Structures are given as structure tokens and as C-alpha cells.
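Asks: coords please:
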Amino acid sequence: MTGYLAIVLHSHLPYVRHPEYNDFLEEDWLYEAITETYLPLLDVFDRLTGDGIGFHITLSLTPTLLEMLNDGFLMKRYKRYLSNLIELSEKELNRTKSDPSIYPLAQMYHDRFVHYLDMFEQKYHEHITSGFTAFMETGSVELVTSAATHAYLPLILNEAWQDIQVHIGADTFHHHLGVHPGGLWLPENAYREGLDSILNRHGIRYTFLDAHGILNASVRPRYGVYAPLRSEAGVHFFGRDIQSAKQVWSAQEGYPGDYDYREFYRDVGYDLDFEYVKPYLHSDGSRSNLGIKYYRITGKTDQKQPYVPGRAMDKVRTHAGNFIFNRGKHIEYLAGIMDRKPLLIATYDAELFGHWWFEGPDFLEQVFRRLHEIDGPVKTTTPLLYLREYPDNQVAQPSQSSWGDKGYHEVWLNGTNDWIYRHLHIAQDRMSDLMRTPSPSFKQERAINQALRELLLAQSSDWPFIMNSGTMVEYAKKRFIGHIARFTKLYEQIKGNRIEHRLLDELESRDNAFSWIEYTRYC
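Replies: Reported below is the predicted structural model:
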């Protein structure tokens, strides 16, 4: 073995919870991710462990995601969501029984949904974070946190609020998983000078940057992105290997675009008769993805052919072998010019595996199985394991950067979303004022805690990202404006000593992320 591969999956969703409605379209983001990514990944880890195959993978679980996965209300709704899919898949078995190309697929989906419901209820007792924790305890999975609400930290100009986002991120990880995080995924890989001191202050040993954040460091990195840099504050920065990412992620060159893989955009929620699927759509009657997709990519054509799982799995094995071969050749080359084992950091959004790329979890499983079978140059590792082997690393100051389009801050600061920041800056100053309230009453403490939650939720990087993307823009605007409005109302009521009990009860029930926090810890 001559070098290491660290596969890093970033698992994040914005906090979406709407008890004021019987069902809500955007809550499906969470339910789809559980069914199509998180449970399939845990299934892969189970199979590998059961077969005695060692593996290492790093997974971020952002604070908002952890809060939702541990919310009894949302998990009850998730059971309803999955039960509806099982009912629909049973109808599909009957509808497609005379179609030999589609019926086996209907059976496949039915079996998957039943299996995942059993995993969710019986194996994890409706608490799937316990599954990730179990693999963390074995050392196979290294879990890391992120900022509290995935705020875009370089654009939070007040360092105290950058600190609070990181502090609550670390506290949330400890609250739900029982240990302090060693690493933190900077939201959007966005960095600017000074954030390393904040990370160090809260016991964070490492984070990740896009390649140019390392390559444009204050001192030319001796090993490029193939070994971490250590800032003067003592935090290690791991840079993304562009080729590892491109081979999987690229829409043009990546594996997921293979014509034998499942087509994401052909779903029974749109393909079948409206009255047939209506009971499984949201109450507003709008069509949406239901997770049952019968066709393969086929080619650049609207005439899609039925999905053939066997052909797709053949491609998975081929692509896993190709991925390992290319990483091996890269590592062999690097080993010849480095005085330590080179490290390839392969970072991806977790939802690529299973949600967008149906075969993605199988691809990861095949990568780990192949690496176990062959005595090649590549071995998997995690950042902390690498730092144990190589604790002394080059000291340099990373460059301001992000993994957004063009590499810096433009995605989150442009004409579509720049209007939000003046409201955030004012709200942050006002919240700092509230946190200095002398001798607050019990009701005032509750109101100040809720004001903090509203501000944290408004700070999420997801809202400006969605505004820039051009999809679901109205929802993002509504969420941001709503949190700022509720914060402002609470601020005025606290300052005027006229807190409305009914309003406070409603907001504590509705926007209940981080219900356990006390603002005094973050003053």
C-alpha cells in the first residue's frame, strides 16, 4: 500500500418543519433523503461489516439534519410517507403484473420500501442516527459536524456570530451523538481568514476546502492538495482532489450519466394518470416525484427504455474498478515525489449517492469490496487517522475560497440575494443586545432563546443558494422573511416588556430547532 483515499460525504438539509400544515412539499426533501440515501448507506455499511470487509468513510451530519432526524413529529410523518409508498408499490404490482419489463421493477421498489420501513422501525427504532453512531464507534465511519444552520460564514461579518454558529454546531453534535466532533465541514467549503481561530477555540482539529483554497495558500503547499496544511491557529485543512470528484460528480464525464443507470427525471408521480396517483400526492394536488422510476437514462432522447438492474450493476462494478484503477495510478505517481503517503480527498454531497444517482450506494459498496479483495496501492482512511500517522504538517494560511461557482462568494452574494444581508446584520446586532438583558425573567429567557433560534434559521446559506438557483425561490424568500419577521416581533416585545404568551408558545412549537439551547451559553 502506497497511499490513501478518504471518501467524504457531506450530508445536509435545511431545517424544514411545518406542523401548521397536514403535509408540506418541502418536507419531502428529508423523507426522500432518508429513503434514498441515508438508509441505503446504512444498508451498505451493514453488508460490508457482516462480510468482514473493513472500510473507512467520513460523513458530515449537519446540525439541522441531526435536529430533524431526532424530531419525533417529523419521524412520525416519515413513517406515513414510507407507508404511502408501500401502498402505492402494492398497487403497482397489480397494475404492472402483465408487463414483463416493468413488473420486476415494481417488485424491486416494493421490497425496498418494506425493507427500509423494517430498518427504520425494528433496527433503528425510528432513530437512524443511532446507526451512524454505531459505525462511528467501530471506527469505520468518521462523523463530523458543521455550523449550526449551515450559515455562509465569510458573509457573517461579525466574528461573534461566526463563533456562535460553530459553537452551536459542536454542541448539537455532542447533544445528539454524545461525543465532541473532531472535524467540521465548513458550509459550502467557504473560508476566510480568522475562521481557523474560531474552529480551534471549539476543539475542531480539521476541516475541508476546495482545491484552490489550498493551492492559493500564503505559502506554496509542498504537496499540493495531497497532504493537509496546518494554519497557525493549529487547524488542519484538507483539499479536495479535483479528479476524484469530477469522475463521479460531473454531469458530462461522471459515471452517473451512463445510459444504463436509472433515469431520475421519469417518475410515476408525473407519468401515471393523475387520479391514480392523487392519493399519494400532497393535498394541494400538485404532481411531484414519488420515488418509483421505471426507466434508464437510455441516451439523449425522450424515448426512454425500461431500467434493467442487472445491466446497471454490471456498470457499477466496471465503474468501481475504473475508479480504483485511476486512484491507484494517481497515488503511485504521487508516492514517487512525496516523502509521505499521499492522500486523495474525494468529497461529495451525500445525496448524490442514492437520491440523484440511484446506483451510488452500490458503487461505494463495490469500491470498498474491491479494495478489500486486491492488494493494491490504495487504502481507505479518514482525516483523523491520517493526522495520527502524520501529525506534523506544513504551516500556511489557506486562501479565501468556496466550492461554489467561480470558487468564491458570488453564489451567495449577487443581485438575486444580496438584499438579505442588511436584515441579517441588523438582526445580529439586535440579538447581541437581547443577550445582554439584565436579570431577565423566565418568560424573557424563553423569548430570547426563541429569538436566537429564529435568527439562526434566517442565517442558513440554503436561502441565498436557492434564490440564486432559480428553483423554489418563493419558498426560500418566504422562509427568510418569515424568520426575520418573527425575530423582529420577539425583539420588540422583549424590549417593550410585553411578550405575548400565545405567540411564544406557537413559535416554540413551530420553529423548534435547537429547543435545548440556552442563549446564556453563547453570550
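Asks: Any idea what Tyr348 is bridged to?
Replies: On the basis of DSSP bridges, Tyr348 is bridged to Leu9.
Asks: can I assume it is in contact with Val248?
Replies: Yes - between Tyr348 and Val248 there is a contact under C-beta atoms under 8 Å: 6.3 Å. The way it works is simple: take the backbone N, C-alpha and C, and place the C-beta from them, glycine included.
Asks: In this protein, which helix is the longest?
Replies: helix 309-335 (DSSP state H).
Asks: Tell me which helix or strand comes right after the lowest-mean-pLDDT helix or strand in the chain.
Replies: Least confident helix or strand of the chain, by mean pLDDT, DSSP states H and E, is helix 242-249 with a mean of 89. Of the helices and strands lying after helix 242-249 in sequence (DSSP states H and E), the nearest is helix 268-271.
Asks: buried stuff in that following helix?
Replies: By 16 or more other C-beta atoms under 10 Å, the buried positions in helix 268-271 come out as 268-269.
Asks: what's the answer for stretch 243-253, then?
Replies: Counting neighbours by 16+ other C-beta under 10 Å, stretch 243-253 gives 244-245, 247-249 as buried.
Asks: do stretch 137-148 as well
Replies: So stretch 137-148, judged by 16+ other C-beta under 10 Å, has buried residues 140-148.
Asks: Switch the residues you listed over to TSV; also include secondary structure and pLDDT.
Replies: Shown next, in TSV, are the buried residues of stretch 137-148 (DSSP: H, G, I helix; E, B strand; the rest coil; pLDDT from 0 to 100):
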residue	secondary structure	pLDDT
Ser140	coil	98
Val141	strand	98
Glu142	strand	98
Leu143	strand	98
Val144	strand	98
Thr145	strand	98
Ser146	strand	98
Ala147	coil	98
Ala148	coil	98
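Asks: Which two of those residues have the greatest separation?
Replies: Ser140 and Ala148 (27.0 Å; C-beta to C-beta).
Asks: show me where the stretch 101-250 of the chain has helices.
Replies: Along the stretch 101-250 of the chain, the segments classed as helices by DSSP state H, counting those that start in this stretch run 103-118, 129-138, 159-177, 195-201, 211-215, 242-249.
Asks: I'd like to know which of those is closest to His236.
Replies: Going by C-beta to C-beta, the one of the helices of the stretch 101-250 of the chain nearest His236 is helix 195-201, 9.4 Å.
Asks: Quick check: buried residues in the closest one?
Replies: 195-199.
Asks: for it, packing partners?
Replies: helix 159-177 (3 or more C-beta pairs under 8 Å, 6 or more residues apart in numbering; DSSP states H and E).
Asks: averaged over its residues, what pLDDT does the helix it packs on have?
Replies: For helix 159-177, mean pLDDT rounds to 98.
Asks: Just want the angle from it to strand 141-146.
Replies: With axes from the mean of the first three to the mean of the last three C-alpha atoms, to 10 degrees as the basis, helix 159-177 and strand 141-146 are set at 150 degrees to each other.
Asks: Check the offset of helix 159-177 from the chain's centre.
Replies: Mean C-alpha position of helix 159-177 versus that of the full chain (C-alpha atoms, centre = their mean, to the nearest Å) differs by 17 Å.
Asks: what residues are up against the closest residue to Lys341 other than its chain neighbours?
Replies: Leaving aside its sequence neighbours, Lys341 sits nearest to Gly3 (C-beta to C-beta, 6 or more residues apart in numbering; 4.9 Å). By C-beta atoms under 8 Å, 6 or more residues apart in numbering, the contact set of Gly3 is 331-332, 334-335, 341-344, 377-379.
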